[in-house]
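Asker: Show me how the following folds:
(2 chains, ligands or ions: 2)
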Amino acid sequence: MAIDYDICIIGSGAGGGPVAYSLARAGYSVLILEQGFFPRNQDFYKDEMATALRKIYTPQPQDEPHVIEFPDANSQWKTNLTTKLNWNFWNGNMVGGSSNLMSGFFHRMQPQDFRLLSEYGPIQDANIVDWPISYSDLEPYYTAVESIVGISGTVANTTDPTLRSTANFPLPPTLEHPVTNWLDTACDQLGLVPLKVPRAILSRPTLGRNSCEYSGYCGSFGCSSGAKGSSRVAFILPALATGNCQVRPHSKVQRLHSNTQGKITEVEYIDATGTKQSVTAKIYVIACQAIETCRLLLLSTGPAFPYGLANNQQQVGKNLIFSGGGTGSGKFVYADLSPERAAQLRVMGPFINRALDTWYTISDTKLAPGRHKGGIIEFMLNHPNVVKKADRVKWDSQGKLRWGLELKRHLENTFTTSRSLHFEVFNDWLPNANCQVILDSQTKDRWGTPVARVRIGYHPWDLKVGNFLAQKAQLLLTQLGAKHIHSTITGSPPPNLQAGGCRFGVDPKQSVLNPNCQAHEVDNLYITDGSFMPTGGSVPYTWTIYANALRVAAHIANHISKSSGVPLERPRLHSHAGV
Amino acid sequence: MYKRVIYTVTRRNFLQTALAIPLATATALPACATATNYTIPILQPAKMWQILDSVQQVLFPSEPNIPGATEINAINYLRWVMSDPKTPSTVKDFIVQGTNWLEDMAIRTKQQTFTALTLDDQEIILHQISQSTAGEAWLATLLTYIIEALLTDPIYGGNPNGIGWQWLQHTPGYPRPHDNLAYRTLGY
Ligand SMILES: Cc1cc2nc3c(=O)[nH]c(=O)nc-3n(C[C@H](O)[C@H](O)[C@H](O)COP(=O)(O)OP(=O)(O)OC[C@H]3O[C@@H](n4cnc5c(N)ncnc54)[C@H](O)[C@@H]3O)c2cc1C
Ligand code: SF4
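Answerer: Ligands and ions are numbered 1, 2, ... in the order given. Predicted structure coming up:
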């Protein structure tokens, strides 16, 4: 039977785009199946209605819900549908995936993140393991991402030079908000060295894309200038330009079929008209974001896989992780500030671009004796979305409804007298037996397919570390003179930062994927979204997902060239890099 | 990341939404309307919109130089919400049902249609219905759409010329949506 494509990629987000980019440029025929639509830059507006109040970038919850199992205040497990919980575990379903909507805070994981177990030791009830690759295996790909995506930033004097194979970022930092200076001064006073946060945002036009327009509306909005390094603009559009890549939007993959030898034979999907279609390829790549990737594998039973594709060891869906931590903020009242500082505070547009990574490793008995993995604290101004913020004002502190003139005075007070500086704490979400994906036995999506049932248990240690970091952030806000400083560290996961569920490793009994992110049990299957990650580090994942997907693409190219006997006479990845 | 901020809030909201604003209990009548052997009259649409208009004026009154429900076109915005396929039908039904309950209560306790009551009496009745969970949920739902009318982009029918943004000194982002095509035709 004729095979339609060399590679079929399911999901066009951060995990799918880089594979398409590398392999299409290397001359392979690539098909991307994406369940969402194909936006152009000009389709994106700064519109709270479209991005936050109604769902246009994610499926309607009633059509494609998730079932969430969460611990209540008494640590009893409760189960409910996302429709009922008003909670969304879809993050951005369109060509480019949720990377279209990210803020583009870009961090590499650090070398110790690759060997969490051997560096910091075991923690009871946490399934911590070392990665089967090291930082140096991924470093060339982190560097390649800098050029392909266009990462802007400054390398700090304090950065260990062995961690980078190039001296500088390809682009200077994006413009910085005046409050950044306040932060730098306060850090200086406290003897802290802030990290200048690299951004996946173009600070000047390049790569055929415009530079940032600094409207102050970035995270959770699509980018109309093309400056934001989404998978769509950075990888998929260049892949399409080769003529070797095709994208089929509105194509919801239902399952992968496999034969008695355990090889995938075809992908079945529903197209825009609701018609069932199928397609064949030599290699299949799944990158649907962690929860949906696990679900697709579990749905894809076959003669050799009674528990789901690549799941004979029943590892699929286990050790799902999110990002640990939480948020906090402090308020600056305009009337308390000099006119000059008040004017600085009101500026809309440029970025804060500062974080603290001082406590990436914590050696402080206030947390616990010994050395422990910590995390980072990222600073940002209040999110510009106003409707949701205003809507909360209708409830008073006792939970009673406000309306009339009382509501109006509170709205004025909330919006016109002060501005808040926020922080987000990122620490490891320890993998544990209570965080996993299975199929729900009752709830089906609009095509009649079982939905994912996600248990979101956290490890109590995550809260201890998160609170330790939040206290440090609060000290900095105090130094800055902020008022009403508070933070919330919780065990509830941020659904936009998912990983794990299909860990990679050397032991087929303990992992789904081998170190090349090829399924141990399925020769023609690779997985390249964040689900390969056995531990998540304590930074947002996307740079790591991009880098790893480029790394895996190189293995896929070798795999195809070996199995077809054709020598690899194709340009190598790095020759394409360069801004 | 920003999303985390939104997310945390959403989680808090979720508790409020799930516990304090149980739209799912839309069929549970406010305590005041549970008289036996009594059928609540179903209002004609024109009457329903008049009542909703009056309720909005109490919930978000106009003041000199400060916009209220009238200035932000809250009623037109609500009409758009009620016609928008993205508004869940449970919410639409709840708004309609709540208006019927309110009118029923006005007639039974004050012997007059809600729109004919003095502002003080309207306020009293709204306070009465806010004592029940479903009544409070109904008012909260109307307030949500008033706030949307105040602060969403004018293309959706509220906030004419950005009057709500100006009042709350809010700077909208750019590019702004130039029609609501994206909302209606793109994505889900
Ligand atoms: C508001 C927001 C802010 C963020 N900010 C940051 C940040 O500052 N820094 C950072 O590093 N990360 C950030 N992130 C996270 C980042 O977007 C994700 O880490 C990254 O996009 C995950 O990549 P992925 O490939 O796993 O999933 P995605 O990028 O979401 O891609 C998955 C794709 O698969 C498609 N798909 C799913 N199921 C199917 C199916 N059955 N058939 C066909 N297609 C399917 C989906 O529609 C989607 O397009 C942010 C995310 C959001 C939402
Ligand atoms: S133009 Fe700049 S601020 Fe606006 S979405 Fe793009 S990257 Fe973010």
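
Asker: Helix, strand, or coil at the residue nearest in space to the middle of chain A?
Answerer: Computing the C-alpha centroid of chain A and ranking residues by Cα atoms, centre = their mean puts A:Leu497 first, at 4.4 Å. For A:Leu497, the assignment made with DSSP: H, G, I helix; E, B strand; the rest coil gives coil.

Asker: ok, now how distant is the residue nearest to it when sequence neighbours are not counted from ligand 1?
Answerer: Leaving aside its sequence neighbours, A:Leu497 sits nearest to A:Ser323 (Cβ to Cβ, 6 or more residues apart in numbering or on different chains; 3.9 Å). Just so you know, the C-beta spots here come from the backbone N, C-alpha and C atoms, and that holds for glycine as well. As judged by Cβ to the nearest ligand atom, to the nearest Å, A:Ser323 and ligand 1 stand 9 Å apart.

Asker: How many residues are close by A:Ser323?
Answerer: A:Ser323 has 27 neighbours, counted by other Cβ atoms under 10 Å in any protein chain shown.

Asker: now swap in A:Pro306 and tell me
Answerer: Per other Cβ under 10 Å, the neighbour tally for A:Pro306 reads 9.

Asker: show me what contacts it?
Answerer: By Cβ atoms under 8 Å, 6 or more residues apart in numbering or on different chains, A:Pro306 lies in contact with A:Asn312.

Asker: where are the low-confidence patches of chain B?
Answerer: Across chain B, the ranges flagged by pLDDT under 70 are B:1-40, B:180-182.

Asker: and the longest helix for it?
Answerer: helix B:89-110 (DSSP state H).

Asker: Need the contact partners of the helix or strand just after that helix.
Answerer: Sequence order places helix B:119-129 as the next helix or strand after helix B:89-110, per DSSP states H and E. Residues outside helix B:119-129 that contact it (Cβ under 8 Å, 6+ apart) are A:403-404, B:30, B:32, B:54-55, B:58-59, B:101-102, B:105-106, B:109-110, B:114, B:117, B:135-136, B:138-139.

Asker: try 6 Å
Answerer: B:30, B:58, B:105-106, B:110, B:135 (Cβ atoms under 6 Å, 6 or more residues apart in numbering or on different chains).

Asker: which of the residues you listed count as buried?
Answerer: B:30, B:58, B:105-106, B:110, B:135 (16 or more other Cβ atoms under 10 Å in any protein chain shown).

Asker: Is it possible to get a markdown table of those that adds distance to A:Ala433?
Answerer: Output for the buried ones among the contacts of helix B:119-129, formatted as a markdown table (distance: Cβ to Cβ, whole Å):
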| residue | distance to A:Ala433 |
| --- | --- |
| B:Pro30 | 45 |
| B:Val58 | 53 |
| B:Met105 | 53 |
| B:Ala106 | 57 |
| B:Lys110 | 60 |
| B:Gly135 | 44 |
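
Asker: Among those residues, which one sits closest to chain A?
Answerer: Distance ranking of the buried ones among the contacts of helix B:119-129 against chain A, using Cβ to the nearest Cβ, places B:Val58 first at 6.7 Å.

Asker: which residue packs closest to that closest one, ignoring adjacent ones?
Answerer: B:Gln122 (5.1 Å).

Asker: Just give me the neighbour total for that neighbour.
Answerer: 22.

Asker: near chain A, anything from the longest helix of chain B?
Answerer: No - Helix B:89-110 lies apart from chain A when judged by Cβ under 6 Å from any Cβ of the partner chain; the minimum separation is 9.8 Å.

Asker: follow-up on the earlier one: test my guess that the residue nearest to A:Leu497 contacts A:Phe426.
Answerer: Yes - using Cβ atoms under 6 Å, A:Ser323 is in contact with A:Phe426, at 5.4 Å.
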